[in-house]
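> what's the 3D shape of this:
(3 chains)
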Amino acid sequence: MEFYLYLALFAPLAGSLFAALFGASPKTIVAGLVPSILLFVSFVSSTVLLVHILSGGAVVHVEMMTWMATGDLYIPFGFVVDQVSVTMMMVVTVVSTVVHFYSIGYMDHDKGFNRFFSYLSAFVFSMMVLVMSDNFAGLFIGWEGVGLCSWLLIGFWYHKESATWAANEAFIMNRIADLGMLVGIFLVYWNTGTLQYEQAFAAMPSLGTDILTLMGIFLFIGAMGKSAQFPLHTWLADAMEGPTPVSALIHAATMVTAGVYLVVRAHPLYDLIPNVGLFIASLGAFVALFAASMALVNRDMKRIIAYSTLSQLGYMFVAAGLGAYWVALFHLMAHAFFKALLFLGAGNVMHAMHDELDPFKMGGLRKVMKGTFIMMTLASVALAGIYPFAGFFSKDLILEVAFVEHHYIIYTVLLFTAGLTAFYSFRLVALIFHGEERYKLFGIHPHEAYKFMLVAMSPLLLLAIIAGSFKMSYFEMVTQVLPELEYHIHHPVTFWIMTIGTQLFVIAAIIFAYRKYANAKVTVPDGTSKIENRLCYKVLSNQYYIPYAYEEYVVKPYRELSTVLWKQVDMKIVDATVDGIAGIIYGTGEKTRDMQSGNLSTMLKWMVAGTVGLLSLAVVFGLAVRYSAEIKAILSGLGV
Amino acid sequence: MFEAIAFYLFAFLTIAMFFIAVTTSQALYALTSLAAGMIFISAFFFILGADFLGAVQIVVYSGAVMALYAFGMMFFDTTRDVKEKNGNKYIVVGLSVVSAILVVAIFSAPLVSENITALYPMVEGAGNTQEVGLVLFTKYLVPFEVAAVMLLVAMIAGIVLAGKDMDLSLTLLDDNEIEEIKNKQMKKVL
Amino acid sequence: MEIGLNHYLVLSTILFAIGLIGVMRRKNLLLLFFATEILLNSVNIAFAAISHYYGDLTGQMFAFFVIAIAASEVAVGLGLLIVWHKRHGTIDLDTMSTMRG
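Predicted coordinates:
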């Protein structure tokens, strides 16, 4: 099994390096095909490992080599394939294989084709390291690696100012969070003396609650950054500047879920500190509602999907925070499939509409883009959580968890959010595919994407539909390592009322969205209509003015401070000191240059002057040595 | 008593001679007074019981060095005064006096002398020359040899620098060429 | 009126100062060499005196080596002086300014 582990881990790296060989040359189809095939190999290996684990095989744990061994600190490059990491490996390899094949078509006309695949495969490798590592240090390598690749890929079109800005924003936000994560890791090492998951978690129950709470909070700060939780959420929407396959892979399916993975991985820790768990759940519920509300009015197709991702991440954190780790992981998996599908569909639409992102300018596309229409609709259905699609099983479970744990406020919020989710997803579908063909006004001639792109997407479609049926087998597998908490609402009546009620609510929201946006009366908003001038609309479309507030109250004061420090401290003190030293030396040289007149007589005079100087020094030091006792006495008398 | 008289007498003479040597504008006077000063210095060595050193002083300085200088002067037009245009006399005198005072301060202040112990004490009942020989050829043998080599180097250097036609090697020439040179020189003499 | 070490040291210092004056004010290279001889000799007196008063032969040894150095210095120095004189026809110190920085 070790062979498959290494294969799954290093095939993406090989692909990345292979594509990097062609990094500077013009588009070569090989540079796209080889990484994709290697990823498929990685996927197959992961499947083998999954089968191995499913069939009751032992956890595969290898220690490739020692990384650090200094004193008590021992960190190996160790990898573990257990029930949790194999889930993540499957999610990562499935989605990334699909995205790779899809990108061959999507990036067809792009100059950076080869570079793109190099970055993308490097990302997958980092993600695999993240999920497979058996210690916090390895996790952190992968964590930083995906951050780096995310930065590279968001800023892939680096000639676009907004893309580089978004890339930097994502990177900086993540750095802030990573500091918290590092502190958390240090705390773990400080208190348990090891970074290996098993030993660290084994040592934790004997620690004090205070220190555990600190650990939990700091590690969660890292998770907040990576998973874009409030208040570090702004980067995710801006990250949509990257190519759409990147959004599908990184900013929907895999990287942003790393935070959830971290919380799930650290479940022995969070089990010990239920208060922090409750905080995580509350924050998750808040983010779910908060992000969904922003998605309601947004006019950027990709941002809407990004907010929906944010919202779904909130759901996952609710589950993880309430101790239902396997539910969080299950929703993570299901969400990865349908959200990646949704993004890739959006990519097709963008391609067809020549990078137009405003759904109000589309409409009626179902006639030209039948395949994409079907896929996106089904993905939206899955997202909305309609029976029997994947979203129903996973999302409904989270609602049940909240209900059973008696957190009714969270339950209500999540239920309401489910309605909002359904509404904005179908608002998007309706605006894009139904109604008048508004794109004609803008002189665009849309066309369906390449056939093989649609074929590449089909595995995701399949999984988005059937993933829910894995629920029980998945539960059996994962609960071997995760706490075995099965949630059943004991009273069948309550259960049915809840389930059917939720379904009806969601369907009502969908119908409402269709009624409102799938008709011929929808026009391109121009900022004059009544609804657009309402306060709540403005607040929502400006993302609660949070980016504005960050800009105004964080970035600008910081820039002011930097300017002041630059002008006052750096220029006037630091630079002045350095320049002053240089100036003194330069000036002395300039002045004493005259000494070197070449006249021997003058030189002799200088020589004598030097002798005098040295003699005086000899006298001074001689006296100082001779009378050192007295000098000391005087100095001590002065109180020095 | 005699020692004191001798010290002051020779001190006066030495200072006077050396003063003339550095101030006179006549090179010949300077040379003469320098030679005299060297001999007077050897007197101090005798007073101090360093007989051998005194003898060496007379032989080397008054003999060899002064003779060299005398030969050197013959090369140059020393009758012509070199114009001694001094920028600032005060600097010259001031610096010298200050350095003198500082050295005196170093010597007179009880800084150094307190912790000196004899490294190679005088041998009882032996003459100065004998003592010097004992120390020089035991403890200072290597420096002595080095000094000898240095003198050899200096000698060769002096010959090479001052000699004429040193790039001509008679051993490398054949007989005809040597004959030619000989004829040329004969002509010059004639 | 005993003559002590300090007397000799003061004498040596005075001679050294005279030598320094010579070094600084002489423009004729030959006379400059004279001044350096004075410097070396003044130091020799100090060495001999210290050797005498501390009963240690090291001072005399050093005086020896100083004399040896002085002799070789004269040999090489005069040789150089002759070369310079052949080239430039003068031994004025002020003409030697090829080291101008």
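> now the helices: where do they sit in chain C?
C:5-25, C:29-54, C:58-88 (DSSP state H).
> any idea of the mean pLDDT for the shortest one?
Spelled out, it's helix C:5-25. Looking at helix C:5-25 alone, the average pLDDT works out to 86.
> does that helix come close to chain B?
Yes: taking Cβ under 8 Å from any Cβ of the partner chain as the criterion, helix C:5-25 and chain B are in contact, through C:5-11, C:13-22, C:24-25. Every residue, glycine included, has its C-beta placed from N, CA and C.
> how is chain B divided into domains?
Annotated domains of chain B cover B:1-83, B:140-190 [automatic domain parsing].
> so which of those domains is the most surrounded?
domain B:1-83 (a mean of 18; mean count of other Cβ atoms under 10 Å in any protein chain shown).
> rounded mean pLDDT for that one, please.
For domain B:1-83, the mean per-residue pLDDT is 85.
> still on that earlier bit, and of the domains of chain B, who's closest to A:F433?
domain B:140-190 (102.6 Å; Cβ to Cβ).
> can you pull out the helices in chain B?
Going by DSSP H, chain B shows helices at B:2-23, B:27-47, B:51-57, B:66-75, B:89-108, B:128-136, B:141-162, B:175-189.
> hang on, I meant the stretch 501-640 of chain A
For the stretch 501-640 of chain A, helices defined by DSSP state H, counting those that start in this stretch occupy the ranges A:535-541, A:546-549, A:556-564, A:576-592, A:600-626, A:628-638.
> between those, which one is closest to chain C.
Nearest to chain C, of all those, is helix A:600-626, at 5.0 Å by Cβ to the nearest Cβ.
> what residues does chain A put near chain B?
Near chain B, the residues belonging to chain A are A:605, A:608-609, A:611-612, A:615-616, A:618-619, A:622-623, A:625-626 when assessed by Cβ under 8 Å from any Cβ.
> now the buried members of the residues you listed.
Burial by neighbour count, 16 or more other Cβ atoms under 10 Å in any protein chain shown: within these this picks out A:605, A:608, A:611-612, A:615, A:618-619, A:622.
> how about the residues you listed, which pair is most distant?
Farthest pair in these, by Cβ to Cβ: A:K605 and A:G622, 25.7 Å.
> for residue 7, which non-adjacent residue is spatially closest?
Picking chain A for this. Taking Cβ to Cβ, 6 or more residues apart in numbering or on different chains, and ignoring the residues beside it in sequence, A:L7 has A:S45 as its nearest neighbour in space, at 4.2 Å.
> um, chain C though
Taking Cβ to Cβ, 6+ apart, and ignoring the residues beside it in sequence, C:H7 has B:F7 as its nearest neighbour in space, at 6.4 Å.
> and the strands in chain A?
A:60-70, A:73-81 (DSSP state E).
> to chain C, which of the ones you listed lies closest?
Among the strands of chain A, strand A:60-70 comes nearest to chain C, with 53.3 Å by Cβ to the nearest Cβ.
> hmm, back to that, worst mean pLDDT among the helices of the stretch 501-640 of chain A?
Among those, helix A:535-541 has the lowest mean pLDDT, at a mean of 77.
> tell me how far the most centrally placed residue in chain B lies from C:I67.
Residue closest to the mean C-alpha point of chain B, counted by Cα atoms, centre = their mean, is B:Y61 at 4.9 Å. Taking Cβ to Cβ, to the nearest Å as the measure, B:Y61 falls 7 Å from C:I67.
> ditto for A:T47
A:T47 sits at a distance of 97 Å from C:I67 (criterion: Cβ to Cβ).
> more crowded one of those two?
More neighbours surround C:I67 than the other of A:T47 and C:I67, with 22 against 17 (other Cβ atoms under 10 Å in any protein chain shown).
> surely that one touches B:V59?
No: using Cβ atoms under 8 Å, C:I67 makes no contact with B:V59, being 9.5 Å away.
> what residues are up against the nearest residue to B:V60 once chain neighbours are set aside?
Once flanking residues are discounted, B:V60 sits nearest to C:I67: 5.3 Å by Cβ to Cβ, 6+ apart. Taking Cβ atoms under 8 Å, 6 or more residues apart in numbering or on different chains as the contact definition, C:I67 lies against B:56-57, B:60-61, C:40, C:44.
> mind checking how far A:V256 is from chain B?
Computed with Cβ to the nearest Cβ, to the nearest Å, the distance linking A:V256 and chain B is 78 Å.
> with C:V76 instead?
C:V76 sits at a distance of 5 Å from chain B (criterion: Cβ to the nearest Cβ).
> so what pLDDT did that residue get?
Here, the pLDDT recorded for C:V76 equals 87.
> what's the burial count for it?
By other Cβ under 10 Å, the residues close to C:V76 number 19.
> what's it in contact with, if anything?
When contacts are counted by Cβ under 8 Å, 6+ apart, C:V76 is found next to B:154, B:157-158, B:161.
> do B:L151 as well
The contact partners of B:L151, taken as Cβ under 8 Å, 6+ apart, are C:68, C:71-72.
> ditto for A:A31
Shown here is A:A31, whose contacts under the criterion Cβ under 8 Å, 6+ apart are A:18-19, A:21-22, A:113-114, A:117-118.
> thinking again about what came up before, which one of the contacts of C:I67 is nearest to chain A?
C:L40 (14.8 Å).
> and the closest one, how far from B:V146?
Using Cβ to Cβ, one obtains 18 Å as the distance from C:L40 to B:V146.
> try B:I91
The span separating B:I91 from B:V146 equals 38 Å under the rule Cβ to Cβ.
> that older thread, what's the pLDDT at the residue nearest to B:V60?
At C:I67, the predicted lDDT confidence score is 90.
> if we ignore the residues flanking it in sequence, what's nearest A:P547?
A:T234 (5.2 Å).
> give me the pLDDT for the residue in the stretch 401-550 of chain A positioned nearest to chain B.
Closest to chain B within the stretch 401-550 of chain A is A:Y550: 70.6 Å, counting by Cβ to the nearest Cβ. The model reports A:Y550 with a pLDDT of 84.
> and it, what does it touch?
The neighbours of A:Y550, taking Cβ under 8 Å, 6+ apart as the test, are A:T234.
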